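S.K.: Provided below for reference: sequence and predicted model.
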Amino acid sequence: MGLTCANARIVSLALQELSALNVGFVSLSEALDMTTPSGRALAGMLAVFAEVERDILRDRVKAGIAEARKAGKPHGRPPTVQQHQPQITALFAQGISKREIATRLNISRTSVRRILETNARTHARRRLSSAERDRA
């Protein structure tokens, strides 16, 4: 019965609603009879086990990530477009269109636009900070 913690809560709420409407629930595939006290107790234990299993899995994932970081292995999405940043800037400075740059480098036009916008903001901040220094 592959219930996650969230699914177990949803199932529990649904069963409570059914119980409030005087509707009994009997699962034929799991041999679980929610109309009896022992069936309700078993369902509660299954929900608890599902939550514990989820917590153990979360802890293992965190431990694996921490171990990978200790070993110097990168975690997360690999950088893809940022490696093209110097090429994008140079090609755009030569007057080549964003679409053509994207085609040449085999990346999306949106990625090209994002990198150019980030560069423009960075240069604007640098100009602003140098202007502030000149005033001081």
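M.R.: Sure thing, it's come through. Residues are numbered from 1 along each chain as shown.
S.K.: elements contacting the longest helix along the chain?
M.R.: Ordering each helix of the chain by length in residues (DSSP state H) puts helix 37-70 first. Secondary-structure packing of helix 37-70 (3 or more Cβ pairs under 8 Å, 6 or more residues apart in numbering; DSSP states H and E): helix 5-20, strand 32-33. Where C-beta positions appear, they are placed from N, C-alpha and C, glycine not excepted.
S.K.: can you redo the ones you listed as JSON lines with mean neighbour count, mean pLDDT and distance to residue 118?
M.R.: As requested, the helices and strands packed on helix 37-70 are arranged in JSON lines below (neighbours: other Cβ atoms under 10 Å; pLDDT from 0 to 100; distance: least, Cβ to Cβ, whole Å):
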{"stretch": "helix 5-20", "mean neighbour count": "13", "mean pLDDT": "76", "distance to residue 118": "37"}
{"stretch": "strand 32-33", "mean neighbour count": "16", "mean pLDDT": "82", "distance to residue 118": "55"}
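S.K.: closest one to residue 101 among these?
M.R.: helix 5-20 (43.8 Å; Cβ to Cβ).
S.K.: what does the closest one rub up against?
M.R.: Defining contact as Cβ atoms under 8 Å, 6 or more residues apart in numbering, one finds that helix 5-20 is touched by 3, 24, 25, 34, 43, 46, 47, 50, 51, 54.
S.K.: out of the residues you listed, who's nearest residue 61?
M.R.: residue 54 (10.7 Å).
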